[in-house]
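Novice: have a look; sequence and predicted model below, questions after that.
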Amino acid sequence: MLRVTVDHAVIRPAAAGDADAIAVIYNEGLEERVATFETTPRTTEDAAAWLAEGLPFVVAEANGEVVGFARLSAYSDRCVYGGVGEHGVYVAREARGQSLGRRLLDALASVAEQAGYYKLTSRIFTDNEASLAAHRAAGFEEVGVQRRHGKLDGRWKDCMLVEKHLGA
């Protein structure tokens, strides 16, 4: 496996032209079965639709290539949860193990706070140690486990709930 050095990766707002790379990186996570319950690969059009939502979305770029992303989605359509964002973070295989996930989470939290969010939350498979470590490093708190939260390939998976409060 070719490893991309990301020491000098730039974290920036995602742009429409990033959709293809975002879909590829997401699908790597999907194939590995450690990051999502989804099993159907996402297309460039799917990623473009995420970008079109206008919610906080950042990418990491190294050597001119997008090597990771973090995005916010609505936690709920109920108005009381308007300041809570559910998030996902994905790093390309060749760029993992270099704290890029933490950097993406830090940047997403900053952008989300500027956009008026007061909390980020997510569910992480309890066996996804790399993601759990990145979230801990970025100041997320583990607040509980959802047992048998869903089946993936016929097997029950547990999920760790994580959250980070933003601002004062």
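Specialist: Ah, there it is. Just so we're clear, the structure is a prediction, and the values are computed from it rather than from any experiment.

Novice: what about this structure, any weak spots by pLDDT?
Specialist: 1-7 (pLDDT under 70).

Novice: could you rerun that using 80?
Specialist: Applying pLDDT under 80 to the chain picks out residues 1-7, 168.

Novice: which residues in it form strands?
Specialist: 10-13, 57-62, 65-74, 84-91, 119-125, 141-152, 155-165 (DSSP state E).

Novice: what angle do the fifth one and strand 141-152 make?
Specialist: Taking axes from the mean of the first three to the mean of the last three Cα atoms, to 10 degrees, one finds strand 119-125 and strand 141-152 inclined to each other by 50 degrees.

Novice: each with direction, which strands does strand 119-125 pair with?
Specialist: strand 84-91 (parallel), strand 155-165 (antiparallel) (DSSP bridges).

Novice: point out the most buried one among the ones you listed.
Specialist: strand 84-91 (a mean of 22; mean count of other Cβ atoms under 10 Å). The way it works is simple: take the backbone N, C-alpha and C, and place the C-beta from them, glycine included.

Novice: the inter-axis angle of that one versus strand 57-62?
Specialist: Using the same axes, to 10 degrees: strand 84-91 against strand 57-62 is 20 degrees.
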